[in-house]
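In: model the following, please.
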Amino acid sequence: MAQRIRGWVRGMVRRARSDGGMTTSEYAVGTIAACAFAAVLYKVVTSPPVMTALQSLLKDALDAKF
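Out: Numbers count the residues shown, from 1 in each chain. Next up is the predicted model:
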């Protein structure tokens, strides 16, 4: 019984280690997704309402009394 369990564990370890990582197409899709997210985030952060809020936040932080 113990030998069967060891064999099962070895098989599971072998299967887990057999994955060589992402393929080129997965890297390409991941890179495109990251670039798209960065573009959306840039557009949001540079929008007038967000810029106004950030400027107000910074102004209040710099004018704080200690």
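
In: beyond the biggest helix by length in the chain, next helix or strand please.
Out: Once the chain is assigned using DSSP state H, the helix that runs over the most residues is helix 24-45. Counting by DSSP states H and E, the element after helix 24-45 in chain order, helix or strand, is helix 48-62.

In: ok, residues contacting that next one?
Out: In this structure, residues lying in contact with helix 48-62 by Cβ atoms under 8 Å, 6 or more residues apart in numbering are 44-45. In this view, the C-beta of every residue, glycine as well, is placed from N, C-alpha and C.

In: restrict that helix to CA atoms and write it as PDB.
Out: C-alpha atoms of helix 48-62 as PDB (Å, rounded to 0.1, in the frame of the first residue of the first chain):
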ATOM      1  CA  PRO A  48      -9.500  66.200 -15.800                       C
ATOM      2  CA  PRO A  49     -11.600  65.000 -12.800                       C
ATOM      3  CA  VAL A  50      -8.800  62.800 -11.500                       C
ATOM      4  CA  MET A  51      -6.100  65.400 -12.100                       C
ATOM      5  CA  THR A  52      -8.100  67.900 -10.200                       C
ATOM      6  CA  ALA A  53      -8.600  65.500  -7.300                       C
ATOM      7  CA  LEU A  54      -4.900  64.600  -7.200                       C
ATOM      8  CA  GLN A  55      -3.900  68.300  -7.300                       C
ATOM      9  CA  SER A  56      -6.300  69.100  -4.500                       C
ATOM     10  CA  LEU A  57      -5.000  66.100  -2.500                       C
ATOM     11  CA  LEU A  58      -1.400  67.200  -3.000                       C
ATOM     12  CA  LYS A  59      -2.200  70.900  -2.200                       C
ATOM     13  CA  ASP A  60      -3.900  69.900   1.000                       C
ATOM     14  CA  ALA A  61      -1.000  67.600   2.000                       C
ATOM     15  CA  LEU A  62       1.500  70.400   1.400                       C
END
